[in-house]
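J.: Fold the following for me, if possible:
(6 chains)
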Protein chains: 6
Amino acid sequence: MLSRISTYFPALLLSLLPAIGAETPPRIEDIKGKTILLFTPHPDDDAFCCGGTLALLAKNGNTIRIVIYTNDDKGSYDLEMTGERLARIRKAEEEEGNRILGIPKENLLWLGHHDGLLEYVDSRRLVEQATEVIRRYRPDIVMTVDPGSDYVRWHKTDHRMAAMNTLDAIRAAEFHLYFPNQRLQLGLEPWKVPAMMFFYVTEKDANMWVNIDPVKQQKEAAGLAHVSQWEPAMHKYRPDWTPEDKEKARAELHTIILKKGGHWMEAFRWATEFNQY
Amino acid sequence: MLSRISTYFPALLLSLLPAIGAETPPRIEDIKGKTILLFTPHPDDDAFCCGGTLALLAKNGNTIRIVIYTNDDKGSYDLEMTGERLARIRKAEEEEGNRILGIPKENLLWLGHHDGLLEYVDSRRLVEQATEVIRRYRPDIVMTVDPGSDYVRWHKTDHRMAAMNTLDAIRAAEFHLYFPNQRLQLGLEPWKVPAMMFFYVTEKDANMWVNIDPVKQQKEAAGLAHVSQWEPAMHKYRPDWTPEDKEKARAELHTIILKKGGHWMEAFRWATEFNQY
Amino acid sequence: MLSRISTYFPALLLSLLPAIGAETPPRIEDIKGKTILLFTPHPDDDAFCCGGTLALLAKNGNTIRIVIYTNDDKGSYDLEMTGERLARIRKAEEEEGNRILGIPKENLLWLGHHDGLLEYVDSRRLVEQATEVIRRYRPDIVMTVDPGSDYVRWHKTDHRMAAMNTLDAIRAAEFHLYFPNQRLQLGLEPWKVPAMMFFYVTEKDANMWVNIDPVKQQKEAAGLAHVSQWEPAMHKYRPDWTPEDKEKARAELHTIILKKGGHWMEAFRWATEFNQY
Amino acid sequence: MLSRISTYFPALLLSLLPAIGAETPPRIEDIKGKTILLFTPHPDDDAFCCGGTLALLAKNGNTIRIVIYTNDDKGSYDLEMTGERLARIRKAEEEEGNRILGIPKENLLWLGHHDGLLEYVDSRRLVEQATEVIRRYRPDIVMTVDPGSDYVRWHKTDHRMAAMNTLDAIRAAEFHLYFPNQRLQLGLEPWKVPAMMFFYVTEKDANMWVNIDPVKQQKEAAGLAHVSQWEPAMHKYRPDWTPEDKEKARAELHTIILKKGGHWMEAFRWATEFNQY
Amino acid sequence: MLSRISTYFPALLLSLLPAIGAETPPRIEDIKGKTILLFTPHPDDDAFCCGGTLALLAKNGNTIRIVIYTNDDKGSYDLEMTGERLARIRKAEEEEGNRILGIPKENLLWLGHHDGLLEYVDSRRLVEQATEVIRRYRPDIVMTVDPGSDYVRWHKTDHRMAAMNTLDAIRAAEFHLYFPNQRLQLGLEPWKVPAMMFFYVTEKDANMWVNIDPVKQQKEAAGLAHVSQWEPAMHKYRPDWTPEDKEKARAELHTIILKKGGHWMEAFRWATEFNQY
Amino acid sequence: MLSRISTYFPALLLSLLPAIGAETPPRIEDIKGKTILLFTPHPDDDAFCCGGTLALLAKNGNTIRIVIYTNDDKGSYDLEMTGERLARIRKAEEEEGNRILGIPKENLLWLGHHDGLLEYVDSRRLVEQATEVIRRYRPDIVMTVDPGSDYVRWHKTDHRMAAMNTLDAIRAAEFHLYFPNQRLQLGLEPWKVPAMMFFYVTEKDANMWVNIDPVKQQKEAAGLAHVSQWEPAMHKYRPDWTPEDKEKARAELHTIILKKGGHWMEAFRWATEFNQY
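T.: Alright, predicted model coming up:
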């Protein structure tokens, strides 16, 4: 019952009642045999945000599908690069990165929008698209960017749009009267997403910490599979590494992976209602 | 004079000067014979956010008009329900709820947009619509959702859109050069809204607390008039209650009404400038 | 290298790593011979936010260009005023104000959108426009409104839109694959903006304070050049002042200029990455 | 029955069956006590297209309402003119012109869009607006621009948009499932328009010719009431005429009024189905 | 070679060269084992325009797929009807009608847009959708509404939009650089549609006449399967017929089926280039 | 005076008065020292439609500027091609083609929209862009695609959009109240285009025939400069010709150039009012 209330009275809950927030997040090793749907703005955010967690989840027999909003076809300094070629490169890198984590390329769904321009697509249609995906795969957990309170300044455009749009779709998926043609014509029933894991959280919002020590190697390898996102390929594309370049990239990657209590970590906000705080 | 300044230098005021914030909010019993315009995203937010306050205001001889952005035609789990029927049901519930609070149905203005999709209408036109309403009724107080600092995560879409759009309209209504055809062709003069009461506030933003003990019954009855928003009608619509269902709903409603110092309360942010903090 | 990281992992940096924030802002007197591009929502925000700083920068031999998003054609209570006449008046005032600060009118670029309606223009095109300007002038420093965490409530519409749009353009300008026709057909190469000075900051975000005592007179004169923004011209336009009106306006202006340690100040957030906090 | 068929099988009717076209148009003097709704792109097209016919219809006791899509605020060569002033002038001229024809200014409905830019407004909303007007006034005859086969080259934008939009609204008005909130929330029932008179027809499409000899003076006077549409006011606005200017304008007006068999005429296409040819 | 030319120089071909028009259309009985894709604006246009031809084609072992732009959820005079219910009814009728013609319901693709509002959807996205369908099924023949020269007046909105959009998609499908993500991410190769059969042609444009005498019964039965499109169900819905009503509908249907030389006919414009006349 | 009338009463003129059409078109050799502005949908339409005429005009000392709406980045069957590379190739070809005709590349203005997608850009903005160009160059003659009565079927999208948009801009350019910021802020005065030459005309609309025998070679060479528009480069790009391929292309080109009375010709519709027939 409370679940319905928090849907209808979020403001009151948020501000003026004792916090009833999320139930305790589960331990990662207890998540087994589930369907997990991750919505990522670009084909590399999934590896960088949660490569370790994904590897653990894959190992545990969960089915993971990755929905990729954009094709990441803009972020290169190489003046010889074209957008269409970059999209091809990044698709291959994303497939390789996920292969390393244990996710087959058949489980990648590309929505195909342009990098950096997600805010300019027809947003009503974007929600409809994401709603259809949710109703089709009926995930136990949806992972996506946290639409956090500090997000505004730093993840404008694609990240924010991905966060907001996925949440909107989670809500719409629950009620058959949103996009009713999906039920009538595609045979897709409404689906209430039971739990969410938000990534790219601020420290004050994180409530779930995953120790990724056991899959450190995989996370590292998946991160480095995105060759074109690192120097020197960023300025002059090449599909492979010299050992020196790779070592440098690895070192840089290490500096940005979260450590806590001597362990490698990934942080999330776990929630069981789409508007839970 | 200061009023003009805060219009033009909000950032400076906000950040770098001694707070000049709002004047002290009035006591609810001192608001008499006023015209009050409440903009609500859905036909039930008004009852839940401020049913008690509205009952008190109505009793005090104020004229209250409710502008309802959407027709709330999506939020049902009943697979037999259609959107158009749900809109009819919720219109009747809203009329009944407001009758209980002392507001006749002639005072309800329906803008008729779809539930959950307010962000996707032509936003320029939406501001124009709300501006016209303000210039027509020339309210002493506008009530609407607070576009508060924490609002982003939890009241996406309709709530946020209602908050922002109403504020935009309040500003536009003041200057005849916005939508000048309203003056030329509809004979509507510009109108500066003297005061605002924002609902769905966060605790840190609330600066006006209304004791609603005297109208507890009315608030409760108005809330329960929205039968379709409660179980069991949410999952399988029925227009009436069994006594047991009603009791359960009432109990649930009690848990979400704010209490403070032994009293039932409703909280607001009172402001006299549209960009006052 | 770190620069690239902060581009790609803003969330991690922001939340979960030791702050690596901006390098120390330079002293204003050390900024010489630079190209500075200021994006302002209206033709008066530049004078009010940073008139003193601009005067100092102009004196130091920097080239300053002002890009003005809107023509400020709405904000008058004078019922005889028309929007087109108001736009003409404000253009002349902006030219005069900047002349006083040492910026010739050839350095003003007008984008010509309507006041208060910037959110309703084609936003993809607006980013493209700003990107073109950045690539054309290749500024050492971009100045614009801070898309700060508290901005939502108080600078809706033009201010927020100007802040977000300029940041988007800064990012797009860096990668040739955004709006590639600008390189192909206009011969404009990508440009990475090395530093930003954000104005209209909140106190907690300001990290750069400029003492404007030496140019107090200029700031004051530039502010008062915007005659139509002050009473009595606001309610009944007249192009000139009585000595009394001018004195009153000057007094009011003094109350809103920031003082700190006995000095007149202007505050900024200095950053060297577009998503630095 | 046939009416339904022509609604559903227009193509077959149009191309491959014996023409079943419109029934014989009525004589103008037989139209009495009817409600007539004229949709005009600009506040002068009504006088020029059908001033004589309107005068006859008014005389016959019909209630005529004029819906004016735009405010005609662009068409002046006078460099001192502003758009808002021009809109005011043209509103007054339209009221005067219609007063002469016997239509009180209360019967004018201004939709207030900008001259020449009607194609750029939200077209879904424009249909909704026109549909509401039709359902509210339940006209026996709708008059509007003919969306004729040759229209493309010569009446681009406002004229074409007015023609198409009005027809769309005529169709939508008939079925309650278009814009159902108009029935639910505004209490407006669906309305099937029984007959249409299209003006600005090509010769081959005209099927109804009205002899306007008896109201020649009124047509002329109404045409000349639009002072700002004629020289010299077109190049340098003045609200009045010299006798010479007026004479010249009158002469020019005479050359463009249709004559047939020694009579002054106005031509129309009469139809009883919205897609009748 | 010529094929390329007519793509690039349509205007010259059309106007100023000896007509090179389409090659002779094939006889219907020679079309065997082909893939046929029919784009229809509503779920009934296919039966009425070409039910006989479809029955013949199905009999000949062709695979026929029907793409239905809208769900036909507006066209009822029954005030008890809701849009969502009407969409369900029309889906069932379309499935039944096509079953009679020999097309299984698995071969129906619903795009799910609202009846009468197809012009207001994101048209860029609509072309993308249709392009994807063409590339996926790689049809030998596409059937759709003819964007004929007389179309403007009588089939505004859905019919025109369907005609134009399908042609746009046919062109886009041919070049991999339109919507390149369909190739990259969905694995769909470009596809050049070899032939088109346009229906709802004007008499002067028809160049292919199909004798449907052998499948008269089927055409009739398919037409009458659309119960809700006929009286009395149009005004008061009922799912079944009285024998009298059915007889009346059948008689009416007969009057609108084309006869020529004593035979029942369906007429088309056959073309082998998308811009062939 | 008549000029004004035809602006205001096009329908009457078109249909119901003796034709007053265009004055006699000038002879091509009498057009000297003029400014000519040609708006072309793609960078090759100018060569194919009017290469001979352009060569003659250039020879006569006219200043010719070409405005190119799209970058032609879609039309290749070469699966290795990317859109951005194709845009580069076509820019170079257009420059070479025009060099041959006597038009320097400084006189080419690229608007940079995507091929085949011109209908999906913000059309209000597109008119504004074209209006600015007209006001800046103040042409004696504008050349563009004819928005002819038969245009609908065959030059959907870019061609139609170019035709309509250019005409809209011609009208807007004449009145200072359209896009008034262009006068206020860019210093551009209104400009009435005195004459138009429409290309891609239908035979029945052509009223001006230019004998291009003297510049046959140039036209041919300019046409063949667009290597990528011909086989074999269309299917597998190569920047150069084998002699055999070139000969084949030349032969094909000859078949599509208009001949009349033993001469090579180019046909136009000359008009002196934007809505003249």
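
J.: Now do the same contact list for the residue lying closest to A:Ile212 once chain neighbours are set aside.
T.: In this structure, A:Ile212 finds its nearest non-sequential neighbour in A:Gly52, 2.7 Å apart by CB to CB, 6 or more residues apart in numbering or on different chains. Using the backbone N, CA and C atoms, a C-beta is placed for each residue, glycine as well. Residues near A:Gly52 by CB atoms under 8 Å, 6 or more residues apart in numbering or on different chains: A:210, A:212, A:215-216, A:218-219, A:264, A:266.

J.: ranges for the helices of the stretch 51-200 of chain A?
T.: A:83-101, A:123-137, A:151-154, A:158-174, A:181-184 (DSSP state H, counting those that start in this stretch).

J.: quick one: the first one to chain centroid distance?
T.: Think helix A:83-101. 16 Å (CA atoms, centre = their mean, to the nearest Å).

J.: just the strands in chain A please.
T.: A:35-40, A:63-70, A:108-113, A:141-145, A:195-199, A:208-211, A:258-260, A:263-271 (DSSP state E).

J.: among those, which is the most enclosed?
T.: Among those, the stretch with the highest mean neighbour count (mean count of other CB atoms under 10 Å in any protein chain shown) is strand A:141-145, at a mean of 26.

J.: Can you give the contact residues for it?
T.: A:31, A:34-41, A:45, A:50, A:134, A:151, A:155, A:159-160, A:162-163, A:166-167, A:170, A:193-200, A:268.

J.: what's the spacing between A:Glu93 and chain E?
T.: 13 Å (CB to the nearest CB, to the nearest Å).

J.: which residues does that residue contact?
T.: Contacts of A:Glu93 by CB under 8 Å, 6+ apart are A:43-44, A:225-229.

J.: can you check A:Trp241 too?
T.: A:Trp241 neighbours (CB under 8 Å, 6+ apart): A:224, A:227, A:249.

J.: Please apply the same query to A:Leu177.
T.: B:73-76, B:81-83, B:86, B:115, E:84.

J.: how about the contacts of A:Gly52, which pair is most distant?
T.: A:Val210 and A:Gln218 (13.4 Å; CB to CB).

J.: how about the CA coordinates for stretch A:41-61, as CSV?
T.: The C-alpha coordinates for stretch A:41-61 follow below in CSV (Å, rounded to 0.1, in the frame of the first residue of the first chain):
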residue,chain,number,x,y,z
PRO,A,41,23.7,7.1,-22.6
HIS,A,42,26.8,6.1,-24.5
PRO,A,43,28.5,2.8,-25.3
ASP,A,44,31.2,3.1,-22.6
ASP,A,45,29.3,4.5,-19.6
ASP,A,46,28.2,0.9,-18.7
ALA,A,47,31.8,-0.3,-18.5
PHE,A,48,33.1,2.7,-16.6
CYS,A,49,30.2,3.0,-14.2
CYS,A,50,29.6,-0.6,-13.4
GLY,A,51,31.9,-3.0,-15.3
GLY,A,52,32.7,-4.9,-12.1
THR,A,53,29.2,-5.2,-11.0
LEU,A,54,28.1,-6.4,-14.4
ALA,A,55,30.8,-9.0,-14.4
LEU,A,56,29.6,-10.3,-11.0
LEU,A,57,26.0,-10.3,-12.1
ALA,A,58,26.7,-12.1,-15.3
LYS,A,59,28.7,-14.7,-13.3
ASN,A,60,25.7,-15.2,-11.0
GLY,A,61,23.5,-16.3,-13.9
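
J.: average model confidence for it?
T.: Across stretch A:41-61, the average pLDDT comes to 96.

J.: Show me what counts as buried in it.
T.: A:41-58 (16 or more other CB atoms under 10 Å in any protein chain shown).

J.: distance of whichever residue of the stretch 101-250 of chain A sits closest to chain C from A:Asp213?
T.: Using CB to the nearest CB, the point where the stretch 101-250 of chain A gets nearest to chain C is A:Tyr200, with a distance of 3.5 Å. Taking CB to CB, to the nearest Å as the measure, A:Tyr200 falls 21 Å from A:Asp213.

J.: Compare those two and say which is more crowded by neighbours.
T.: Neighbour count, other CB atoms under 10 Å in any protein chain shown: between A:Tyr200 and A:Asp213, A:Tyr200 has more, with 31 against 10.

J.: Stretch A:63-71 close to chain E?
T.: Yes - on the criterion CB under 8 Å from any CB of the partner chain, stretch A:63-71 is in touch with chain E at A:Asn71.

J.: Near chain D, which residues of the stretch 1-150 of chain A are found?
T.: Residues of the stretch 1-150 of chain A lying near chain D (CB under 8 Å from any CB): none found.

J.: Can you pull the poorly scored residue ranges out of the stretch 1-150 of chain A?
T.: Residues of the stretch 1-150 of chain A meeting the criterion pLDDT under 70: A:1-23, A:148-150.

J.: how about the nearest residue to the residue of it found nearest chain E, chain neighbours excluded?
T.: Nearest residue of the stretch 1-150 of chain A to chain E, counting by CB to the nearest CB: A:Gly112, 3.2 Å away. Leaving aside its sequence neighbours, A:Gly112 sits nearest to E:Asn181 (CB to CB, 6+ apart; 3.2 Å).

J.: separation between A:Met265 and A:Cys50?
T.: From A:Met265 to A:Cys50 the distance is 11 Å (CB to CB).

J.: hey, what's the residue nearest to A:Leu108 when sequence neighbours are not counted bridged with?
T.: Excluding the flanking residues, the one nearest A:Leu108 by CB to CB, 6+ apart is A:Ile66, at 5.1 Å. As for beta bridges, A:Ile66 partners with A:Leu38, A:Leu108 under DSSP bridges.

J.: Wait, A:Ile66 touches A:Thr40, no?
T.: Yes - with contact defined as CB atoms under 8 Å, A:Ile66 and A:Thr40 form a contacting pair (6.2 Å).

J.: Overlap of the contact sets of the two?
T.: A:Asp46.

J.: Return the residues in contact with the residue in the stretch 101-250 of chain A that chain D sits nearest to.
T.: Proximity to chain D, evaluated over the stretch 101-250 of chain A using CB to the nearest CB, is greatest for A:Arg124 at 12.2 Å. Neighbouring residues of A:Arg124 by CB under 8 Å, 6+ apart: B:117, B:120.

J.: let's go with 6 Å and repeat that
T.: B:Tyr120 (CB atoms under 6 Å, 6 or more residues apart in numbering or on different chains).

J.: gap between it and C:Trp209?
T.: Counting by CB to CB - A:Arg124 and C:Trp209 are separated by 45 Å.

J.: and if you look at A:Trp270?
T.: 41 Å.

J.: neighbours around the nearest residue to A:Met208 once chain neighbours are set aside, how many?
T.: Counting by CB to CB, 6+ apart, A:Met208 lies nearest to A:Pro25, which is 3.8 Å off, once chain neighbours are set aside. Neighbour count of A:Pro25, defined by other CB under 10 Å: 19.

J.: Kindly report the same for the one 3 residues further on.
T.: Counted with other CB under 10 Å, the burial measure for A:Ile28 works out to 19 neighbours.

J.: Give me the distance between it and A:Tyr137.
T.: Counting by CB to CB - A:Ile28 and A:Tyr137 are separated by 21 Å.

J.: Check A:Tyr178 too.
T.: Applying CB to CB to A:Tyr178 and A:Tyr137 gives a distance of 17 Å.

J.: before we move on, what about A:Arg27?
T.: In terms of CB to CB, A:Arg27 sits 24 Å off from A:Tyr137.

J.: These two: who's more crowded?
T.: A:Tyr137 (18 against 10).

J.: dump the residue contacts of the more buried one.
T.: A:37, A:65.

J.: how about a cut-off of 10 Å?
T.: Going by CB atoms under 10 Å, 6 or more residues apart in numbering or on different chains, A:Tyr137 touches A:35-37, A:63, A:65, A:67, A:107, A:109, A:191.

J.: Report the two of those residues separated the most.
T.: Greatest spatial distance among those (CB to CB): A:Asn107 and A:Trp191, at 18.2 Å.

J.: quick one on the thing from earlier: need the residues touching each of A:Val210 and A:Gln218.
T.: A:52, A:56.

J.: Tell me how many other residues surround the residue nearest to A:Met234 when sequence neighbours are not counted.
T.: Leaving aside its chain neighbours, A:Met234 sits nearest to A:Tyr77 (5.7 Å; criterion: CB to CB, 6+ apart). Applying other CB under 10 Å, we find 18 residues neighbouring A:Tyr77.
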